[in-house]
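Participant: following is a predicted model, sequence given first.
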Amino acid sequence: MAVELTQNPKEKELFGHPIGLYVLFFTEMWERFSYYGMRAILTLYLVAETTDKNPGLGWSDGEALSLYGWYTMMVYVMSIPGGIIADKFLGQRKAVLIGGLILIVGHSILAVEEMWAFYTGLVLIVTGVGMLKPNISTMVGGLYKQGDIRRDKGFTIFYIGINVGAFLASIIVGYVGEVHGWHYGFGLAGIGMALGVLQYVLGLKYLEHVGNFLGKSKNEEDIKKYNQPLTDIEKDRIKVLLISFLLVVVFWGAFEQAGGLMNIFTKEKTDRFLFGWEIPATWFQSLNALFIILLGTRVAKFWADRKLKGKVATSLYKMTIGLIIMGAGFFFMTAATMQYEQTGAAAMIWLVLAYLLHTIGELCLSPVALSFITKLAPVKYASIMMGVYFAVTGFGSKLAGLLGEWSESLGEFKIFTGIAVFCMILGVLILMIRKKIEVLTHGAEDDFPQKYEEAEGYELADND
């Protein structure tokens, strides 16, 4: 028998989860469709020659990767003010809607073939993602009570939604932009965001009990949570989150090579012919999303089963293992650069294997980190801490851009190999001190399975 632990006892469920989860799933799916569609073609648009059949801006690789780094950093850094606005003034539910509307305008303006439109569109996208991204993730956590075993699983399902959007974007927007015109691709991303906002508005009735602004709540318990100062335990938990963010910076600094250096390497140095047909370079970015869709629930089930067996499966442990696995994937890019230097073209298999390990590592770290924040962050700072997480992700993206720029002087071999070695060494060091760090969580992850006698009968893994 499944454990009934939803925040609102009267809330309807679908496949063992609140229906609100699927509303947020599809909203985030379309938001990521718009973002990853734009991400798939941005650097290629910047480096495309102005004289090409599909002309771009003719920038150098270094210039393109520099802008890519700044853009992807600011997209996530703006999550801090986005989280503050939600926690202090609007609540998460309204902030998500406003962010979505801003994104529609931003992507639509990018379809205009003018430089003012290009920069204006980027600024609006940065602002819109900052409003939407931290708050929609916080709302997912609000669907579950503390200690509900379904929370991590729910975030994995939500994360699959992210990557359904990313997969479709890389294939559809990537193809339209690369083959038919970059600005058509930018415009198509805006249409996807419009569908996401429409779906969100229609599904708000399933989200009435989450994402509200506690500062105006008439509930005495909400007011008490909002006004009371932080306890020593809450301060310790914030310290753990900040330490875990070190892993996040390094992880995304490496992982975001996908949209930058790895994207250009795929375009310029990889043999992409299959049975006489040249595969668009942007399509390779869909591999990550495809692997997440195929492996997401399997990786989540692996960790859930491991926890039920009494083995180590804490959030910090999962995240550290994820960093190590992702880092190891860059050894395949090392092999790709070696083959390119020897033969003049790298085989596609190296990219496939690299994206596979990157994906497994991401599944161990990213959705777990989102869930971890909702477990440890104080209620009144939930969106702010989620915003800090995404800002840290942004700093990682900027680091990715810097590493891509350095490749012009150091070469891809040193960059890819250096990333692999550094990630694995850092991961091992964190594992050595993990227990001392986890003491500061004060049992935030100890509620299950001891608390629930029906844990052994939990059937979610099969229901999904």
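Facilitator: Thanks, I have the structure now. Numbers count the residues shown, from 1 in each chain.

Participant: what kind of secondary structure is the closest residue to Val312 other than its chain neighbours in?
Facilitator: In space, not counting the residues next to it along the chain, Val312 is nearest to Arg306; the distance is 7.6 Å by Cβ to Cβ, 6 or more residues apart in numbering. From N, CA and C alone the C-beta is placed, and that goes for glycine too. Assigned by DSSP: H, G, I helix; E, B strand; the rest coil, the conformation of Arg306 is helix.

Participant: tell me, how many residues neighbour Arg306?
Facilitator: Other residues near Arg306 number 14, with proximity taken as other Cβ atoms under 10 Å.

Participant: likewise Phe155?
Facilitator: Counted with other Cβ under 10 Å, the neighbours of Phe155 add up to 25.

Participant: and it, what pLDDT?
Facilitator: In this prediction, Phe155 carries a pLDDT score of 79.

Participant: hang on, it packs against Ala369?
Facilitator: No: when contacts are counted by Cβ atoms under 8 Å, Phe155 is not listed as touching Ala369 (9.1 Å).

Participant: from Ser244, how far out is the most centrally placed residue in the chain?
Facilitator: Nearest to the mean C-alpha position of the chain, counting by Cα atoms, centre = their mean, stands Ser366 at 6.3 Å. Using Cβ to Cβ, to the nearest Å, Ser366 is found at 12 Å from Ser244.

Participant: Glu362 versus Gly141, what's the distance?
Facilitator: When distance is defined by Cβ to Cβ, Gly141 is 19 Å away from Glu362.

Participant: got the contact list for Gly260?
Facilitator: For Gly260, the contact set (Cβ atoms under 8 Å, 6 or more residues apart in numbering) comprises 43, 65, 68-69, 400-401, 404.

Participant: gap between Ala346 and Ile360?
Facilitator: Plainly put, Ala346 is 22 Å away from Ile360 if you go by Cβ to Cβ.

Participant: who has more neighbours, the two?
Facilitator: Neighbours per residue (other Cβ under 10 Å) separate Ala346 from Ile360, with Ala346 holding more: 24 against 21.

Participant: do I have it right that the more buried one meets Lys267?
Facilitator: No: here Ala346 does not reach Lys267: they are 11.6 Å apart, not a contact under Cβ under 8 Å.

Participant: ok, now how distant is the residue nearest to Val312 from Thr50?
Facilitator: Distance of Arg306 to Thr50, computed by Cβ to Cβ: 54 Å.

Participant: now do the strands in the stretch 251-400 of the chain.
Facilitator: Assigned strands in the stretch 251-400 of the chain, in chain order: 273-274, 277-278 (criterion: DSSP state E, counting those that start in this stretch).

Participant: so which residues make contact with stretch 289-305?
Facilitator: In this structure, residues lying in contact with stretch 289-305 by Cβ under 8 Å, 6+ apart are 36, 149, 152-153, 156-157, 159-160, 162-167, 170, 313, 318, 355-356, 359-360, 362-364, 367-368, 461, 464.

Participant: cool, stretch 47-56 as well?
Facilitator: For stretch 47-56, the external contacting residues (Cβ under 8 Å, 6+ apart) are 44-46, 57-61, 64, 178-182, 264.

Participant: buried sites along that stretch?
Facilitator: Of the residues in stretch 47-56, those buried by neighbour count under the rule 16 or more other Cβ atoms under 10 Å are 47-48, 54, 56.

Participant: which secondary element of the protein has the worst mean pLDDT?
Facilitator: Considering only helices and strands, the least confidently modelled element of the chain by mean pLDDT, DSSP states H and E is helix 460-463, at a mean of 34.

Participant: which parts of the stretch 301-450 of the chain are helices?
Facilitator: All helices of the stretch 301-450 of the chain, identified by DSSP state H, counting those that start in this stretch, fall at 315-343, 348-376, 382-410, 412-438.

Participant: for Val23, see how far away the nearest residue to Gly142 once chain neighbours are set aside is.
Facilitator: Using Cβ to Cβ, 6+ apart and skipping the chain neighbours, the partner closest in space to Gly142 is Val210 (3.8 Å). Relative to Val23, Val210 is positioned 10 Å away (criterion: Cβ to Cβ).
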